[in-house]
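Enquirer: the sequence isn't on hand, but the structure is:
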């Protein structure tokens with residue numbers, strides 16, 4: 001049986017990755033058929049950025065898929081994904097963190113989350129400033145979120161062709177991740193994910209210490225909007 005280009009691209013990528021690096025296949029805007037092809041090729045972690053699209057796909061695809069929500073999450077849509085989402089990757093504000101914790105209490109679930117850190121030199125990016133992130137873990141504030149499972153940090157580099165700048169931003173995030181993990185391991189025992197790197201820069205992210213990359217175009221090709 002001939003192997004499709006999608007399957008070939010996926011296998012090539014997976015075979016290049018170090019064992020400690022997880023791959024999230026960014027499936028947003030891609031059809032069910034393509035996701036199923038990646039699933040049959042062995043992929044189990046997929047990333048979506050729109051709540052309505054994610055909820056639709058969940059009902060049509062195998063239940064052992066681990067769904068990552070990777071977009072900018074609105075507080076009024078948390079309820080729609082809270083019971084099944086494997087990881088909310090982009091918790092970018094204290095307000096959102098509080099809302100997720102409240103929802104976790106309602107359904108009696110510790111919801112896995114990554115804090116998004118603002119490392120780029122772009123106004124269009126979201127996230128906690130590094131100092132805000134430090135303050136969150138260094139104060140008693142962390143105890144106020146019993147229904148949050150703090151899994152780690154994530155960040156997106158500046159959209160630029162300057163690979164030196166991109167790598168420096170990734171290294172900044174990894175340094176912050178290491179600092180928090182070393183100082184506060186007793187309080188956040190599940191803190192094990194440093195998510196950075198996409199199709200255009202995942203090689204630099206892995207060099208800088210990423211443990212999870214999010215790749216869409218390099219697997220699925222360009223999206224159909």
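Expert: Okay, I see it. Owing to the predicted nature of the structure, the values given are computational and were not obtained by experimental measurement.
Enquirer: tell me how far residue 45 lies from residue 212.
Expert: Distance, residue 45 to residue 212, using CB to CB, to the nearest Å: 9 Å. C-beta: built from backbone N, CA, C; applies to glycine.
Enquirer: now list whatever residues contact both of the two.
Expert: Counting by CB atoms under 8 Å, 6 or more residues apart in numbering, the shared contacts of residue 45 and residue 212 are 22, 23, 24.
Enquirer: where along the protein do the helices fall?
Expert: Using DSSP state H, the helices of the chain run over residues 5-16, 32-40, 51-58, 78-81, 94-107, 130-138, 163-183, 202-208, 217-220.
Enquirer: tell me which of these sits nearest to residue 154.
Expert: Evaluated with CB to CB, the helices of the chain place helix 163-183 nearest to residue 154, the distance being 8.0 Å.
Enquirer: starting at the chain centroid, how far to the closest one?
Expert: Its chain's C-alpha centre and that of helix 163-183 lie 16 Å apart, by CA atoms, centre = their mean, to the nearest Å.
Enquirer: which helices and strands sit right next to the worst-scoring helix or strand of the chain on mean pLDDT?
Expert: Least confident helix or strand, the chain: helix 130-138 with a mean of 92, by mean pLDDT, DSSP states H and E. Judged by 3 or more CB pairs under 8 Å, 6 or more residues apart in numbering; DSSP states H and E, helix 130-138 is in contact with helix 163-183.
Enquirer: the helix it packs on vs helix 130-138, what angle?
Expert: Relative orientation of helix 163-183 versus helix 130-138 (axes from the mean of the first three to the mean of the last three CA atoms, to 10 degrees): 10 degrees.
Enquirer: quick one: buried residues of helix 163-183?
Expert: Residues of helix 163-183 classed as buried by neighbour count (16 or more other CB atoms under 10 Å): 166, 167, 169, 170, 171, 172, 173, 174, 176, 177, 180, 181.
Enquirer: any idea how far residue 18 is from the fourth one?
Expert: Applying CB to CB, the value for residue 170 to residue 18 is 15 Å.
Enquirer: likewise residue 121?
Expert: Residue 121 sits at a distance of 28 Å from residue 18 (criterion: CB to CB).
Enquirer: in terms of neighbours, single out the busier of these two.
Expert: Taking residue 121 and residue 18 together and counting by other CB atoms under 10 Å, residue 121 has the greater number of neighbours (12 against 8).
Enquirer: please name the residues that touch the more buried one.
Expert: Residue 121 makes contact with 158, 165 under the criterion CB under 8 Å, 6+ apart.
Enquirer: show the pLDDT at residue 140.
Expert: Residue 140 carries a pLDDT value of 61.
Enquirer: and for residue 124?
Expert: On the pLDDT scale, residue 124 is placed at 70.
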